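Q: the following block contains a protein sequence and its predicted model.
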Amino acid sequence: MLPSVFERYLRETLSDVVEDLEIRSLEWPFEIRKEPTPLDPEITEYAGSPEELERLVRDEDVILVHLAPVTRGMIEGNENLKIVGCARGGPVNVNISAATGRGIPVLFTPGRNAEAVAEYTMGLIIAESRNIVRAGAALKEGIWRADYYRYDLSGPELSGKTLGVIGYGAVGLLVGELAKGFGMKVVAYDPYVPEEEMRRRGVEKMDLEDLLRSSDIVTIHVRLTPETRNLIGERELSLMKPDAYLVNTSRGGVVDETALYNALKAKKLKGAALDVFEKEPLPRESPLLTLDNITITPHIAGASTSAAHRAAQMLSNDIKSIITGKTPQFCKNWNELRSKEKVNFSSKD
């Protein structure tokens, strides 16, 4: 996210409650590092230099980031710091425990790009099942793929097909609603969502095995946790129909890429579409790149202009809530802070 997007919404939202708002911006190269930094093992998936940021960020009352790391040293070394905001669905690049220890609320933006990911997921489903990317790439090479007119090489229409949604959270729910607009039947697996809630939306709740067996297209929308790592492996893929498709726009580690490669290579699946991978950027030697029945993109499902503006507005609104003594809507550690001193932030600070 560009600093100018943050600044626009901060000035618009806080103009009536903050006097002499001063904004200082820093930009860092966009290169996400997934492993924890040696400087702070409690943060992951960050971009930029933790050491440099600790040196530069010393006197601010509020720190807002997208991917930049907010380390323990940055939090404990700034006596003025009162609020940290992260423009992501999960503030994994912020040291939550350090902020909580100092009574600093950590704001975040859950669902900011749910619509972007949901729309992109439907795009991948259509692109893979109807050979859109392959046909376009071939045409650029001067090859007219008339063979895609053959019914056995062309893909299915979505109407009447069953979409299996793994993870019925903000994104999975929206994907299901979009799919119903195409005339699809939607089933879902999510052990944390009550069956009644799914039923109210016209979605059938299933266990994972039944979902894999019955779905024509399976789409994954879960966070990467120890519980979900390699959730879809060789055994799970073997349960899917041979003419089914697998789509993943969540996290690469959820799918065993070796097992998926073998299934696609052996034509045990019709196709797959992936926006996320175990290693990113995807290595040039990845065997997935050799397949002709896969659509791959570079982890951009959540990137949209709307999502960036929505995140900036969400953070600005919650900063205003804290300044005016109200409860913020999206604060990662608010419950923990209730037992501490009340957040003290004057609009004159």
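A: Yep, that arrived.
Q: quick one: contacts for residue 30?
A: Neighbouring residues of residue 30 by Cβ atoms under 8 Å, 6 or more residues apart in numbering: 47, 67. C-betas here are computed from N, CA, C, even on glycine.
Q: make residue 1 into 465 and carry on from there
A: Got it, the first residue is 465 from now on, which makes the last one we talked about residue 494.
Q: for it, helix, strand, or coil?
A: coil (DSSP: H, G, I helix; E, B strand; the rest coil).
Q: longest helix in this protein, please.
A: helix 769-787 (DSSP state H).
Q: show me what secondary structure element comes after that helix.
A: Tracing the chain past helix 769-787, the next element assigned as helix or strand by DSSP states H and E is helix 798-801.
Q: just the buried residues of the worst-scoring helix or strand of the chain on mean pLDDT, please?
A: Here the helix or strand of the chain ranked lowest by mean pLDDT, DSSP states H and E is helix 514-520, holding a mean of 91. Within helix 514-520, the residues scored as buried using 16 or more other Cβ atoms under 10 Å are 514, 517-518.
Q: now distance to residue 726 too, for the residues you listed, in TSV please.
A: Output for these, formatted as TSV (distance: Cβ to Cβ, whole Å):
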residue	distance to residue 726
514	39
517	42
518	45
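Q: which one of those residues is nearest residue 707?
A: Distance to residue 707 across the buried residues of helix 514-520 (Cβ to Cβ) is lowest for residue 514, with 47.8 Å.
Q: how much space separates the closest one from residue 539?
A: 12 Å (Cβ to Cβ, to the nearest Å).
Q: my read: residue 668 touches residue 651, true?
A: Yes. Between residue 668 and residue 651 there is a contact under Cβ atoms under 8 Å: 4.6 Å.
Q: which one's more surrounded, the two?
A: residue 651 (21 against 16; other Cβ atoms under 10 Å).
Q: for that one, phi and psi?
A: Main-chain dihedrals, residue 651, degrees, to the nearest 10: phi -120, psi 160.
Q: can you pull the contacts of it?
A: Residue 651 touches 626-629, 667-670, 675, 678-679, counting by Cβ under 8 Å, 6+ apart.
Q: appreciated, that's everything.
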